[in-house]
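In: I would like to see how this sequence folds:
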Amino acid sequence: MQRLKIQYLLKEDVSALIGTTICVKGWVRTKRGNKNVAFIALNDGSIIHNIQIVADPAKFEEELKHITTGACIGVEGKLVESQGSGQAVEIQAENIVIYGEADPNTYPLQKKGHSMEFLREIGHLRPRTNTFGAVMRMRHEMAYAIHTFFHNKGFYYFHTPLITASDCEGAGEMFQVTTMDLNNIPKKEDGSVDYEQDFFGKQTALTVSGQLEGELGATALGAIYTFGPTFRAENSNTPRHLAEFWMVEPEMAFYDLDDLTALEEEFIKFLVKWALDNCKEDLEFLNNMIDKGLIERLKSVINTDFVRLPYTEGIKILEEAVAKGHKFEFPVSWGVDLASEHERFLVEEHFKKPVIMIDYPKEIKAFYMKQNDDGKTVQGTDVLFPQIGEIIGGSVREESYDKLMTRITELNIPMKDMWWYLDTRRYGSCPHAGFGLGFERLMLFVTGMANIRDVIPFPRTPKTAEF
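Out: Numbers count the residues shown, from 1 in each chain. The predicted structure follows:
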C-alpha cells in the first residue's frame with residue numbers, strides 16, 4: 001500500500017478518505033494508554049504535528065512492547081474522524097510493522113525539555129525534535145524562495161568555485177587546501193613552502209565569498225546570483241559566527257546605488273512574506289515556544305519602508321544618544337566600524353524599523369567599493385535588522401580600472417592571482433553592483449532562534465567539526 005505523508009492528512013481536505021484504509025510511516029514521539037487502548041503519536045518530518053494512531057492492546061500486545069519513543073514504524077489502518085481534541089483525523093491501526101526499535105534506556109530524546117547545548121551534542125538526532133524539524137523545514141523553504149525570487153527576476157544561478165587562490169575580503173582568514181604531506185612539506189632554497197609541488201601548483205584555500213567570480217558572471221550574463229557554502233577561519237565563538245556558512249550573492253550589471261538598495265529591500269520582504277505564507281505551522285510553533293514576538297516582527301518588516309541612512313547621519317544619531325546618557329560598550333566616532341549594539345540601537349530604538357546604511361568611510365570597507373566624489377566615502381550598503389544587526393552587506397563596485405588599481409596599491413593587496421578580475425575593468429567595464437546575504441543570519445531572523453549554531457544542520461565552529 002502506498003504511504004501517505006502526515007502533512008497531507010493534516011493539512012488537506014481528506015474527507016473522501018474517511019473510512020478507507022491508508023498507510024503512514026514515521027517515528028514515534030510518544031505512546032500512552034491503558035489496558036483497553038493505546039495511543040501512538042507518529043511524526044514523519046513532513047509537518048510539525050503528529051498523527052494519532054489508535055491501537056488495540058489485545059491485538060498488538062507484542063508490537064506495543066517494542067514501540068517506544070524514537071522507534072520507527074509503519075501503520076496500515078482506517079482513517080477516522082478523531083474523537084479527541086487537537087486533531088481532525090486519526091488512524092485505527094489494522095497492521096503495524098516495526099522497522100527500527102529505540103532503547104528507552106539510551107535513546108536521548110525522551111519526552112522532556114532539552115537544552116540547546118545538549119541538542120548540539122547530539123546533532124545527528126536533533127532534527128527529530130519539534131524545534132529543529134521546524135527550523136530545517138523552514139531552511140528548505142527559504143532556499144526555495146531565494147531561487148524563486150531570482151529566477152522570476154531573470155537572474156541566472158552562477159556556480160562559483162569553493163577552492164580559490166584569491167581572498168575576496170582581504171582578511172586572510174582562510175582555510176588552506178593542500179594535498180602535501182604535512183609531516184614533510186617541500187621547501188624552496190630560501191625555506192619558504194614550495195607550492196609548485198602542491199596539487200594546484202599554487203597556494204589555494206576555501207572561498208570566503210563568490211563575489212569576485214560573480215562579478216565576472218554579471219559582466220557577461222547581466223544579472224547572476226550565487227548560493228553556496230563559504231568559509232572563514234575566524235576564531236570567533238559567538239552566537240552569530242560560523243566557520244562554514246551559506247551565502248547568497250547576486251551581482252547586477254548597470255545597477256546604481258538606488259537600484260541596489262531597492263533590490264535588497266524587495267528581496268528581504270519577499271523572503272519574509274514567503275515564510276509567513278508557506279511556513280504557518282512551523283512559525284506558530286516557534287512563536288509559541290521560542291520567541292513570542294516572532295510573527296509580529298516578521299509582519300512588521302513587510303509592512304514598512306526601510307530607512308535609507310547615510311553613515312555620517314547614523315554616527316550623529318549615535319553620538320547624540322551618548323550625549324543623552326545612553327551607554328554603549330564600544331565608543332562611537334566617525335570612521336569606526338559599527339558594532340552590533342550600534343546597529344541594533346538605530347533599528348530597534350531610534351527608527352524602530354529596518355535600516356539600509358549607505359556611504360561608509362572607505363577605510364573600513366573593501367577595496368572594490370565605488371568611491372564617492374567626496375574622496376572619503378564609498379557606496380557601500382548594509383541592511384540592518386532588529387535582533388540581528390547586519391543581515392546584508394553590499395556595494396556598487398568600482399568600475400574604473402585606474403581607481404581600482406590606486407586603491408589596491410594603497411592597501412598593498414597582492415594581485416598576482418587577480419589578473420582575471422582586473423580584466424573586467426580593462427575590457428568592456430560597466431557600472432555594476434551586488435550584495436551578500438548570510439543565509440544563516442536570515443534563518444536566525446525568520447525562526448527567532450538565538451544562536452546561529454541552531455539554524456544549520458551541522459555547525460562548524462572553532463574546535464567543533466562533529467558529524
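
In: contacts and neighbour counts: CA atoms only from here.
Out: Fine.

In: ok, now which ones touch the residue sitting furthest away from the middle of the chain?
Out: Largest separation from the mean C-alpha position in the chain: Ala58, at 48.6 Å (CA atoms, centre = their mean). By CA atoms under 8 Å, 6 or more residues apart in numbering, the residues touching Ala58 are Asn36.

In: how many neighbours does the nearest residue to Glu329 once chain neighbours are set aside have?
Out: Closest residue in space to Glu329, ignoring its immediate chain neighbours: Glu341 at 7.9 Å, by CA to CA, 6 or more residues apart in numbering. Residues lying near Glu341 (other CA atoms under 10 Å) number 15.

In: gap between Glu341 and Glu265?
Out: 22 Å (CA to CA, to the nearest Å).

In: what does Thr129 give?
Out: For Thr129, the distance to Glu265 equals 33 Å [CA to CA].

In: now swap in Gly191 and tell me
Out: 52 Å.

In: repeat for Asn287
Out: Computed as CA to CA, the Asn287 to Glu265 distance reads 24 Å.

In: of the two, which one has the most company?
Out: Taking neighbours as other CA under 10 Å, Asn287 and Glu265 compare with Glu265 leading, 20 against 17.

In: can I assume the more buried one is in contact with Phe306?
Out: Yes - under the criterion of CA atoms under 8 Å, Glu265 makes contact with Phe306 at 7.0 Å.

In: re earlier: pretty sure the residue nearest to Glu329 sits in a strand.
Out: No - read with DSSP: H, G, I helix; E, B strand; the rest coil, Glu341 is helix and lies in no strand.

In: strands of the stretch 351-467 of the chain, start to end?
Out: 355-361, 377-385, 389-397, 432-438 (DSSP state E, counting those that start in this stretch).

In: nearest to Lys280, of those?
Out: Closest of the strands of the stretch 351-467 of the chain to Lys280 is strand 377-385, at 21.8 Å (criterion: CA to CA).

In: how distant is the closest one from the center of its chain?
Out: 20 Å (CA atoms, centre = their mean, to the nearest Å).

In: got it, and stretch 98-115?
Out: The answer for stretch 98-115 is 28 Å, by CA atoms, centre = their mean.

In: any chance you could list what contacts that stretch?
Out: With contacts defined as CA under 8 Å, 6+ apart, stretch 98-115 is touched by 29-30, 63, 66-74, 125, 129.

In: equivalent analysis for stretch 320-334, please.
Out: With CA under 8 Å, 6+ apart as the test, stretch 320-334 has contacts from Thr312, Ile315, Leu318, Glu319, Leu338, Ala339, Glu341, His342.

In: okay, the fifth one: pLDDT?
Out: According to the model's per-residue confidence, Leu338 sits at a pLDDT of 95.

In: how about the secondary structure of Ala145?
Out: Following three-state DSSP, we place Ala145 in the helix state.

In: the residue lying closest to Lys353 once chain neighbours are set aside and Val332, how far apart?
Out: Spatially, and ignoring its direct neighbours in sequence, Lys353 is nearest to Val347 (5.4 Å; CA to CA, 6+ apart). Applying CA to CA, the value for Val347 to Val332 is 16 Å.

In: could you check which of these two has the larger neighbour count?
Out: The neighbour count for Val347 versus Val332, taken as other CA under 10 Å, is higher for Val347 (24 against 17).

In: any stretches of the stretch 101-250 of the chain with poor pLDDT?
Out: 167-172 (pLDDT under 70).

In: let's see that with 80 instead.
Out: 112, 166-172 (pLDDT under 80).

In: contacting residues for His432?
Out: When contacts are counted by CA under 8 Å, 6+ apart, His432 touches Ala218, Glu251, Met252, Ala253, Phe254, Tyr255, Asp256, Val396, Arg397, Glu398, Glu399.

In: and of the residues you listed, the nearest to Leu294?
Out: Using CA to CA, the contacts of His432 come closest to Leu294 at Glu251, 30.7 Å.

In: dump the residue contacts of the closest one.
Out: Counted by CA under 8 Å, 6+ apart, Glu251 has contacts Gln211, Gly214, Glu215, Gly217, Ala218, Ala223, Ile224, Tyr225, His432, Ala433, Gly434, Phe435.

In: how far away is the third one from Val208?
Out: With distances defined as CA to CA, the gap from Glu215 to Val208 amounts to 15 Å.

In: and if you look at the second one?
Out: Shown here: Gly214 relative to Val208, a distance of 13 Å by CA to CA.

In: what about the two, which has more around it?
Out: Remark: of Gly214 and Val208, Val208 carries more neighbours, 28 against 24, as counted by other CA under 10 Å.

In: what is the end-to-end distance of stretch 411-424?
Out: End to end - CA to CA - stretch 411-424 spans 20 Å.

In: list the buried residues in it.
Out: Residues of stretch 411-424 classed as buried: Leu422, Thr424 (neighbour count, 16 or more other CA atoms under 10 Å).

In: got the contact list for that stretch?
Out: Residues outside stretch 411-424 that contact it (CA under 8 Å, 6+ apart) are Ala165, Ser166, Gly170, Leu212, Glu213, Leu216, Thr219, Phe367, Tyr401.

In: tell me the buried residues within those residues.
Out: For the contacts of stretch 411-424, buried by 16+ other CA under 10 Å: Ala165, Ser166, Leu212, Glu213, Leu216, Thr219, Phe367.
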